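1. structural data only, the sequence is not supplied:
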C-alpha cells in the first residue's frame, strides 16, 4: 500500500461512528487529500453503526494531480464490535489498483488480536535492515480504519493515550498530545473540535533504512483535529495535516450526514 493511501485511510475512514445507538444507522462521509492546495485523492464512506457493531465500506480514488502521477483506485471495508470503551476489529480489507498493478490487503482479528494477514502480491524478500514483527506486536491492535476512533469523556481527554496501529506489514504507535481547541463548520457538523499532535513511532514490520518512515518519526509534524459525535463519547478526525519530505499533506472532511 502506498504511503499516500496509508495516510489517507488512517485519518478518514471512521469519521462517522456513533455506536451508542439502539438501532443501526447509516452515515456517509466525503473526504479529500491535497498537497500544496492541489487535490490528490478523494474518498467516500458509508458506515452502518449499531449499538455494539460497525460495518464500513468505502472507495478511494486518485484525483487531479494525483491521478497523473499515482493513479490509484480502491475499495475498503471493515467490521468490528464495541466492547466497553474498546474497539475490537474483526476484519479489514483493501482492494486497490495502482497503475496496472492490482493488490489486496486482508487482515483478520479475534478480540482485537491479529489471526491472519494476506497480502497480494506477497511482500518482497526482506533485507538485513528489516525489523520483523515481535511476538506480542499484533495483540490488541487497530487496523487503519479502527485506528481513527478515539473514545473519551470530553474534548479535554481526547489527546491522551497511544493508538496501536497495524496495516498488514507495519506496526506503529500513534501517540496523541493536546495542542488547542477550536470550532468547525462543515456540511453535517458545526461545533467544537480539539487539535492533537500525533507522534508517529514505527515499532516493527519495516526497513530501518526507509527514509520516509524516519522522517515521520523524527521530523514530521502531524496535527489532527477531532470532533465529538453526538453525546456518545466518540471522537473522530475531521481534519489532519501530515508533514512529509516533499511537503505537507492535508486531509479534510467535506461532508458528513445521516442517511437513514
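-> It's in. Since we're looking at a predicted model, the values are computed, not measured. Numbers count the residues shown, from 1 in each chain.
2. the helix or strand encompassing residue 243 pairs with which strands?
-> Under the criterion of DSSP states H and E, residue 243 resides in strand 234-244. Looking at strand 234-244 with DSSP bridges, its partner strands are strand 150-151 (antiparallel), strand 222-228 (antiparallel), strand 247-258 (antiparallel).
3. hmm, who's touching the one helix or strand residue 217 maps to?
-> Assigned by DSSP H and E, residue 217 belongs to helix 211-218. The contact list for helix 211-218 (C-beta atoms under 8 Å, 6 or more residues apart in numbering) reads 3, 170, 200, 201, 202, 206, 207, 222, 242, 243, 244, 245. (C-beta placed from N, C-alpha, C; glycine too.)
4. got the buried residues for it?
-> By 16 or more other C-beta atoms under 10 Å, the buried positions in helix 211-218 come out as 213, 214, 216.
5. same question, stretch 196-210
-> Result for stretch 196-210 [16+ other C-beta under 10 Å]: buried residues 196, 198, 199, 200, 202, 203, 204, 205, 206, 207.
6. in stretch 33-52, what counts as buried?
-> Applying 16+ other C-beta under 10 Å to stretch 33-52 flags 33-35, 39-45, 47-50 as buried.
7. quick revisit: list just the nearest of the buried residues of helix 211-218 to residue 27.
-> Distance to residue 27, by C-beta to C-beta, is smallest for residue 216 among the buried residues of helix 211-218, at 29.7 Å.
8. how much space between that closest one and residue 56?
-> Separation of residue 216 from residue 56 (C-beta to C-beta, to the nearest Å) stands at 25 Å.
9. what does residue 117 give?
-> Distance, residue 117 to residue 56, by C-beta to C-beta: 19 Å.
10. ok, these two, which is more surrounded?
-> residue 56 (23 against 18; other C-beta atoms under 10 Å).
11. partner residues bridging residue 27?
-> Taking DSSP bridges as the rule, residue 27 bridges to residue 47, residue 258.
12. and the strand or helix carrying residue 56, what does it pack onto?
-> Residue 56 is part of strand 53-62 when elements are defined by DSSP H and E. In terms of contacts (3 or more C-beta pairs under 8 Å, 6 or more residues apart in numbering; DSSP states H and E), strand 53-62 is packed against helix 3-12, strand 38-49, strand 72-83.
13. how big is the angle separating the helix or strand harbouring residue 106 from strand 72-83?
-> Taking DSSP H and E as the criterion, residue 106 maps to strand 101-110. Orientation check (axes from the mean of the first three to the mean of the last three C-alpha atoms, to 10 degrees): strand 101-110 against strand 72-83 gives 0 degrees.
14. can you name the next helix or strand after strand 101-110?
-> Per DSSP H and E, the first helix or strand lying C-terminal to strand 101-110 is strand 113-120.
15. right, and residue 251 touches residue 240 too?
-> Yes - the criterion here is C-beta atoms under 8 Å, and residue 251 meets it with residue 240 at 4.5 Å.
16. number of nearby residues for the residue nearest to residue 254 when sequence neighbours are not counted?
-> Using C-beta to C-beta, 6 or more residues apart in numbering and skipping residues adjacent in sequence, the residue nearest residue 254 is residue 30, 4.8 Å away. Residue 30 sits with 19 neighbouring residues when counted by other C-beta under 10 Å.
17. I'd like the mean pLDDT over the helix or strand containing residue 30, please.
-> Element membership of residue 30 [criterion: DSSP H and E] is strand 25-35. In this model, strand 25-35 has an average pLDDT of 80.
18. do the same with stretch 247-260
-> Mean predicted lDDT for stretch 247-260 stands at 79.
19. what about the stretch 101-250 of the chain, any weak spots by pLDDT?
-> The stretch 101-250 of the chain contains residues with pLDDT under 70 at 229-233.
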